[in-house]
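>>> need a 3D model of the following:
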Amino acid sequence: MANVSNPRGLVPVRYRNGSPWDGKVTPYYIAAGYASNVFIGDPIIHNSTSNTAQVQRIGGLFPAGCLADVILATAGADNPISGIVTGFMPLHRDSDIYGPASTERIALVSDDVNVVFQVQDDGSGSGLAATDVGLNANLVAGSGGSTATGRSSWQLDATTPATTANFQVKILGKSNIIGIENNLGEDYITWDVVINRSFWLAAAGSVGI
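Residues are numbered from 1 along each chain as shown. Take a look at the predicted model:
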């Protein structure tokens, strides 16, 4: 069987040292004035501000200034990433499973630079191969996430692998996924990557090999 096109953004799976991802996340603020949907698996970036008023959530609240404000990251070279959305903290009983546009939300974000993510390539160009492991690549936003599943449509741009230091992610290898077709030599391969162009690191990223 061939690989199936099933974009779901970036999914945390483990740390660089081989230990499994432990689910640790940081809460961030998405303002009611932000007019874009945000989905699980989307990359985000700091927006140079924070919540200016307290945010009530189920079971408690965040006082003003406690939550850094974030927006969607921009796909492409030299656009940094702060982390990846893994879920949303419910603000009320009827909270959606994603972040609707123009709606105040608290996003739960995996922002540790040592986390390894799985992401499917978009099948563009001549595709990716085993020889692309160690190179850097950029991301593409896709056509928009699913309001039914809450999942992102972001993918790895298969046309971009290069040694370029300011590309957004570094390719560690093909993901070893049990029970799902993930064949080399085909489109829509799922890869293990780490964030290379990170908000948290002073350098623009490391050169691929």
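
>>> hang on, residue 123 packs against residue 5?
Yes - counting by CB atoms under 8 Å, residue 5 is a contact partner of residue 123 at 6.8 Å. Glycine gets a C-beta too; all of them are placed from N, C-alpha and C.

>>> so if I had to pick from the two, which one is more boxed in?
Regarding residue 123 and residue 5, a neighbour count based on other CB atoms under 10 Å identifies residue 123 as having more, with 17 against 12.

>>> what strand or helix carries that one?
Secondary structure assignment for residue 123, by DSSP states H and E: no helix or strand.

>>> show me what contacts it?
Residue 123 sits next to 5, 158, 187-188 when contact means CB atoms under 8 Å, 6 or more residues apart in numbering.

>>> same check, this time on residue 44
Contacts of residue 44 (CB under 8 Å, 6+ apart): 28, 38, 70-73, 81-85, 107, 109.

>>> one more time with 10 Å
Counting by CB atoms under 10 Å, 6 or more residues apart in numbering, residue 44 touches 28, 30, 38, 68, 70-73, 81-85, 99, 107, 109, 111, 199.

>>> could you do residue 157 as well?
75-77, 121-122, 124-125, 128, 137-140, 167-169.

>>> for residue 24, same thing?
Counting by CB under 10 Å, 6+ apart, residue 24 touches 12, 86, 108, 110-112, 115.

>>> now secondary structure, distance to residue 193 and neighbour count too, for those, in JSON lines please.
Converted to JSON lines, the contacts of residue 24 look like this (DSSP: H, G, I helix; E, B strand; the rest coil; distance: CB to CB, whole Å; neighbours: other CB atoms under 10 Å):
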{"residue": "12", "secondary structure": "strand", "distance to residue 193": "11", "neighbour count": "21"}
{"residue": "86", "secondary structure": "strand", "distance to residue 193": "16", "neighbour count": "22"}
{"residue": "108", "secondary structure": "strand", "distance to residue 193": "20", "neighbour count": "19"}
{"residue": "110", "secondary structure": "strand", "distance to residue 193": "13", "neighbour count": "20"}
{"residue": "111", "secondary structure": "coil", "distance to residue 193": "15", "neighbour count": "23"}
{"residue": "112", "secondary structure": "coil", "distance to residue 193": "14", "neighbour count": "17"}
{"residue": "115", "secondary structure": "strand", "distance to residue 193": "10", "neighbour count": "21"}
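
>>> give me the beta-bridge partners of the closest residue in space to residue 115 that isn't next to it in sequence?
Nearest non-adjacent residue to residue 115, counting by CB to CB, 6 or more residues apart in numbering: residue 12, 5.0 Å away. Note on residue 12: beta-bridge partners residue 117, judged by DSSP bridges.

>>> I figured residue 12 hits residue 87, correct?
No - applying CB atoms under 10 Å as the test, residue 12 and residue 87 come out as separate, 11.0 Å apart.
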